[in-house]
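Colleague: sequence? don't have it. structure:
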(Lines give C-alpha, C1' and ligand atoms only; values in the text may rest on other atoms or scores of the structure.)
Protein backbone atom coordinates (compact mmCIF):
# COMPACT_ATOMS: atom_id res chain seq x y z
CA UNK A 1 0.00 0.00 0.00
CA UNK A 2 1.70 3.16 -1.21
CA UNK A 3 1.99 6.19 1.09
CA UNK A 4 3.53 8.93 -1.07
CA UNK A 5 1.04 11.18 -2.83
CA UNK A 6 2.38 13.51 -5.46
CA UNK A 7 -0.32 16.17 -5.82
CA UNK A 8 -2.63 18.45 -3.90
CA UNK A 9 -6.27 17.51 -3.45
CA UNK A 10 -7.39 21.11 -3.04
CA UNK A 11 -10.35 21.80 -5.28
CA UNK A 12 -10.92 18.12 -6.14
CA UNK A 13 -13.95 16.00 -5.29
CA UNK A 14 -11.57 13.66 -3.46
CA UNK A 15 -10.52 16.37 -0.99
CA UNK A 16 -13.25 15.55 1.54
CA UNK A 17 -11.99 11.97 1.76
CA UNK A 18 -8.27 12.70 1.78
CA UNK A 19 -8.70 15.34 4.50
CA UNK A 20 -10.19 12.67 6.77
CA UNK A 21 -7.71 9.84 6.22
CA UNK A 22 -4.79 8.99 8.48
CA UNK A 23 -3.45 6.88 11.31
CA UNK A 24 -3.88 8.90 14.54
CA UNK A 25 -2.85 6.04 16.83
CA UNK A 26 0.55 5.61 15.17
CA UNK A 27 0.27 1.83 15.29
CA UNK A 28 2.12 -0.69 13.13
CA UNK A 29 1.32 -1.26 9.48
CA UNK A 30 -1.69 0.32 7.76
CA UNK A 31 -5.29 0.51 8.97
CA UNK A 32 -8.81 1.07 7.64
CA UNK A 33 -8.59 4.71 8.80
CA UNK A 34 -6.07 5.31 5.99
CA UNK A 35 -8.58 4.08 3.39
CA UNK A 36 -12.04 5.14 4.58
CA UNK A 37 -13.01 8.31 6.51
CA UNK A 38 -13.99 7.93 10.15
CA UNK A 39 -17.52 9.30 9.81
CA UNK A 40 -19.58 6.14 9.29
CA UNK A 41 -21.61 3.89 11.53
CA UNK A 42 -20.17 0.65 10.10
CA UNK A 43 -17.08 -0.56 8.27
CA UNK A 44 -16.71 -3.72 6.19
CA UNK A 45 -14.06 -5.72 4.38
CA UNK A 46 -15.02 -7.49 1.14
CA UNK A 47 -12.52 -10.22 0.27
CA UNK A 48 -11.64 -10.47 -3.43
CA UNK A 49 -12.26 -14.13 -4.37
CA UNK A 50 -9.37 -16.38 -5.31
CA UNK A 51 -9.27 -17.45 -8.96
CA UNK A 52 -7.96 -20.85 -10.10
CA UNK A 53 -4.90 -20.44 -12.30
CA UNK A 54 -5.63 -23.61 -14.29
CA UNK A 55 -7.94 -21.87 -16.77
CA UNK A 56 -11.07 -23.50 -15.37
CA UNK A 57 -12.67 -20.25 -14.27
CA UNK A 58 -13.26 -21.64 -10.79
CA UNK A 59 -13.20 -19.41 -7.72
CA UNK A 60 -12.51 -20.14 -4.08
CA UNK A 61 -13.36 -18.18 -0.95
CA UNK A 62 -10.86 -17.05 1.66
CA UNK A 63 -12.83 -18.98 4.28
CA UNK A 64 -12.49 -22.21 2.29
CA UNK A 65 -8.73 -21.83 1.92
CA UNK A 66 -8.37 -20.80 5.56
CA UNK A 67 -10.25 -23.90 6.69
CA UNK A 68 -8.11 -26.07 4.40
CA UNK A 69 -4.98 -24.80 6.17
CA UNK A 70 -6.45 -24.66 9.66
CA UNK A 71 -6.07 -20.87 9.70
CA UNK A 72 -8.65 -18.72 11.54
CA UNK A 73 -10.89 -16.74 9.18
CA UNK A 74 -10.97 -13.22 10.60
CA UNK A 75 -10.99 -9.55 9.63
CA UNK A 76 -7.19 -9.17 9.42
CA UNK A 77 -6.51 -12.41 7.53
CA UNK A 78 -3.66 -12.04 5.04
CA UNK A 79 -3.04 -14.13 1.93
CA UNK A 80 0.43 -14.68 3.41
CA UNK A 81 -1.21 -17.03 5.92
CA UNK A 82 -2.31 -19.29 3.06
CA UNK A 83 1.00 -20.97 2.06
CA UNK A 84 1.82 -20.55 -1.63
CA UNK A 85 -1.88 -20.09 -2.39
CA UNK A 86 -2.33 -23.83 -3.06
CA UNK A 87 -4.79 -26.30 -1.60
CA UNK A 88 -3.09 -28.97 0.58
CA UNK A 89 -4.52 -31.78 -1.56
CA UNK A 90 -2.36 -30.63 -4.47
CA UNK A 91 -5.05 -28.67 -6.28
CA UNK A 92 -4.49 -25.64 -8.51
CA UNK A 93 -2.74 -22.41 -7.69
CA UNK A 94 -5.23 -19.83 -6.39
CA UNK A 95 -4.61 -16.10 -6.73
CA UNK A 96 -6.74 -13.09 -5.73
CA UNK A 97 -6.73 -9.91 -7.80
CA UNK A 98 -5.50 -6.67 -6.27
CA UNK A 99 -6.84 -3.24 -7.10
CA UNK A 100 -10.21 -4.26 -8.51
CA UNK A 101 -13.30 -6.01 -7.23
CA UNK A 102 -14.40 -8.86 -9.49
CA UNK A 103 -17.49 -8.44 -11.66
CA UNK A 104 -19.79 -10.71 -9.63
CA UNK A 105 -18.90 -9.11 -6.29
CA UNK A 106 -19.10 -5.61 -7.73
CA UNK A 107 -22.60 -6.25 -9.09
CA UNK A 108 -23.75 -7.62 -5.75
CA UNK A 109 -22.32 -4.62 -3.95
CA UNK A 110 -24.08 -2.21 -6.31
CA UNK A 111 -27.39 -3.92 -5.57
CA UNK A 112 -26.77 -3.59 -1.83
CA UNK A 113 -25.89 0.10 -2.13
CA UNK A 114 -28.81 0.98 -4.42
CA UNK A 115 -31.44 1.52 -1.67
CA UNK A 116 -29.16 4.03 0.08
CA UNK A 117 -28.27 5.75 -3.19
CA UNK A 118 -31.50 6.15 -5.14
CA UNK A 119 -31.05 8.34 -8.19
CA UNK A 120 -28.12 10.33 -6.80
CA UNK A 121 -25.01 10.95 -8.81
CA UNK A 122 -22.02 8.82 -7.81
CA UNK A 123 -18.42 10.01 -7.95
CA UNK A 124 -15.64 7.70 -9.16
CA UNK A 125 -12.03 8.64 -8.45
CA UNK A 126 -8.66 7.27 -9.55
CA UNK A 127 -5.85 8.45 -7.31
CA UNK A 128 -2.57 6.53 -7.03
CA UNK A 129 -3.14 4.56 -10.23
CA UNK A 130 -3.37 7.88 -12.07
CA UNK A 131 0.05 9.03 -10.92
CA UNK A 132 1.79 6.95 -13.57
CA UNK A 133 -0.24 8.61 -16.30
CA UNK A 134 0.16 12.00 -17.98
CA UNK A 135 -2.29 13.83 -15.71
CA UNK A 136 -1.79 16.55 -13.12
CA UNK A 137 -4.53 15.64 -10.65
CA UNK A 138 -6.64 12.65 -9.63
CA UNK A 139 -8.99 11.38 -12.32
CA UNK A 140 -12.59 12.02 -11.25
CA UNK A 141 -15.81 11.12 -13.00
CA UNK A 142 -19.50 11.40 -12.12
CA UNK A 143 -22.26 9.04 -13.22
CA UNK A 144 -25.00 6.88 -11.76
CA UNK A 145 -24.44 3.86 -9.51
CA UNK A 146 -25.34 1.66 -12.47
CA UNK A 147 -22.80 3.54 -14.58
CA UNK A 148 -19.72 2.24 -12.78
CA UNK A 149 -18.67 -0.19 -15.52
CA UNK A 150 -19.20 2.23 -18.40
CA UNK A 151 -17.35 4.95 -16.50
CA UNK A 152 -14.41 2.65 -15.87
CA UNK A 153 -14.36 1.58 -19.51
CA UNK A 154 -14.26 5.24 -20.57
CA UNK A 155 -11.34 5.97 -18.23
CA UNK A 156 -9.42 2.99 -19.55
CA UNK A 157 -10.05 4.08 -23.13
CA UNK A 158 -8.74 7.52 -22.24
CA UNK A 159 -5.59 6.72 -20.23
CA UNK A 160 -4.91 3.00 -20.61
CA UNK A 161 -5.31 -0.23 -18.68
CA UNK A 162 -5.73 0.90 -15.07
CA UNK A 163 -7.36 -0.70 -12.05
CA UNK A 164 -10.06 1.02 -10.09
CA UNK A 165 -11.87 3.12 -9.39
CA UNK A 166 -10.06 3.45 -6.07
CA UNK A 167 -12.87 5.46 -4.45
CA UNK A 168 -16.58 5.73 -5.20
CA UNK A 169 -19.30 7.48 -3.21
CA UNK A 170 -22.72 9.13 -3.71
CA UNK A 171 -23.40 12.84 -3.65
CA UNK A 172 -24.71 12.73 -0.06
CA UNK A 173 -21.56 10.86 1.08
CA UNK A 174 -23.65 8.23 2.86
CA UNK A 175 -21.14 5.52 1.92
CA UNK A 176 -17.64 5.17 0.49
CA UNK A 177 -16.10 2.19 -1.29
CA UNK A 178 -12.28 2.02 -1.39
CA UNK A 179 -10.21 -0.47 -3.39
CA UNK A 180 -6.53 0.35 -2.92
CA UNK A 181 -4.46 -0.79 -5.90
CA UNK A 182 -2.09 -2.75 -3.62
CA UNK A 183 -4.72 -4.66 -1.66
CA UNK A 184 -6.67 -7.88 -2.20
CA UNK A 185 -9.80 -6.61 -0.46
CA UNK A 186 -12.23 -3.72 -0.76
CA UNK A 187 -13.17 -1.64 2.27
CA UNK A 188 -16.46 0.18 2.83
CA UNK A 189 -17.80 2.80 5.21
CA UNK A 190 -21.59 3.05 5.39
CA UNK A 191 -24.61 3.14 7.66
CA UNK A 192 -25.50 0.22 9.90
CA UNK A 193 -28.57 -0.49 7.76
CA UNK A 194 -26.53 -0.63 4.55
CA UNK A 195 -23.93 -2.80 6.26
CA UNK A 196 -26.63 -5.32 7.19
CA UNK A 197 -27.66 -5.63 3.54
CA UNK A 198 -24.06 -6.17 2.44
CA UNK A 199 -23.43 -8.77 5.15
CA UNK A 200 -26.52 -10.69 4.00
CA UNK A 201 -25.43 -10.84 0.34
CA UNK A 202 -24.64 -14.44 -0.60
CA UNK A 203 -22.36 -13.37 -3.47
CA UNK A 204 -20.02 -11.45 -1.15
CA UNK A 205 -17.44 -12.71 1.31
CA UNK A 206 -17.47 -9.94 3.87
CA UNK A 207 -16.62 -9.29 7.52
CA UNK A 208 -17.12 -6.27 9.79
CA UNK A 209 -14.00 -4.23 10.56
CA UNK A 210 -13.18 -1.08 12.54
CA UNK A 211 -11.12 2.00 11.76
CA UNK A 212 -8.25 0.36 13.67
CA UNK A 213 -8.32 -2.94 11.74
CA UNK A 214 -5.04 -3.47 9.93
CA UNK A 215 -5.16 -3.90 6.15
CA UNK A 216 -1.53 -4.55 5.18
CA UNK A 217 -0.14 -7.95 4.19
CA UNK A 218 1.49 -8.41 7.63
CA UNK A 219 -1.71 -7.70 9.54
CA UNK A 220 -2.60 -11.28 10.43
CA UNK A 221 -2.39 -11.71 14.21
CA UNK A 222 -3.38 -15.40 14.14
CA UNK A 223 0.20 -16.50 14.75
CA UNK A 224 0.65 -18.19 11.36
CA UNK A 225 3.12 -15.51 10.26
CA UNK A 226 5.37 -15.97 13.26
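Modeller: The structure has been received and is ready for your questions. Quantities reported herein were computed from a predicted structural model and do not represent experimental measurements. Numbering: from 1, shown residues only.
Colleague: tell me the helix or strand right after the least confident helix or strand in the chain by mean pLDDT.
Modeller: Ranking every helix and strand in the chain by mean pLDDT, DSSP states H and E puts strand 94-96 at the bottom, with a mean of 82. For strand 94-96, the following helix or strand on the C-terminal side (DSSP states H and E) is helix 103-117.
Colleague: show me what that following helix is packed against.
Modeller: Judged by 3 or more CB pairs under 8 Å, 6 or more residues apart in numbering; DSSP states H and E, the packing partners of helix 103-117 are helix 148-159, strand 167-170, strand 185-190, helix 192-200. Where you see a C-beta, it was placed from the backbone N, CA and C, and this is true even at glycine.
Colleague: residues contacting the residue nearest the centre of the chain?
Modeller: In the chain, the residue lying closest to the centroid (CA atoms, centre = their mean) is residue 186, at 1.6 Å. Contact analysis of residue 186 by CB atoms under 8 Å, 6 or more residues apart in numbering lists 45-46, 48, 101, 105, 109, 177-179.
Colleague: cool, residue 136 as well?
Modeller: residue 7.
Colleague: pretty sure it is in a strand, no?
Modeller: No. With DSSP: H, G, I helix; E, B strand; the rest coil as the criterion, residue 136 is located in coil rather than a strand.
Colleague: so where is the chain shaky, pLDDT-wise?
Modeller: 1-6, 83-92, 132-134, 221-226 (pLDDT under 70).
Colleague: any figure for the gap between residue 212 and residue 161?
Modeller: 35 Å (CB to CB, to the nearest Å).
Colleague: so between these two, which is more surrounded?
Modeller: Neighbours were counted for residue 212 and for residue 161 using other CB atoms under 10 Å; residue 212 has more, 13 against 5.
Colleague: ok, the closest residue in space to the more buried one that isn't next to it in sequence to residue 70 distance?
Modeller: Of all residues not flanking residue 212 in the chain, residue 31 sits nearest, at 5.6 Å (CB to CB, 6 or more residues apart in numbering). Using CB to CB, residue 31 is found at 27 Å from residue 70.
Colleague: still on that earlier bit, same for the least confident helix or strand of the chain, what does it pack against?
Modeller: With contacts taken as 3+ CB pairs under 8 Å, 6+ apart, strand 94-96 sits against strand 50-52.
Colleague: neighbours of residue 118, how many?
Modeller: By other CB under 10 Å, the residues close to residue 118 number 11.
Colleague: list the contacts of it.
Modeller: For residue 118, the contact set (CB under 8 Å, 6+ apart) is empty.
Colleague: now the residue nearest to residue 195 when sequence neighbours are not counted: phi and psi?
Modeller: Setting aside the residues directly before and after it, residue 195 is nearest to residue 42 in space (CB to CB, 6+ apart), at 3.6 Å. Phi and psi for residue 42, reported as degrees, to the nearest 10, are phi -140, psi 150.
Colleague: 39 is where my numbering starts, stick with that
Modeller: Shifting the count to begin at 39 puts that one at residue 80.
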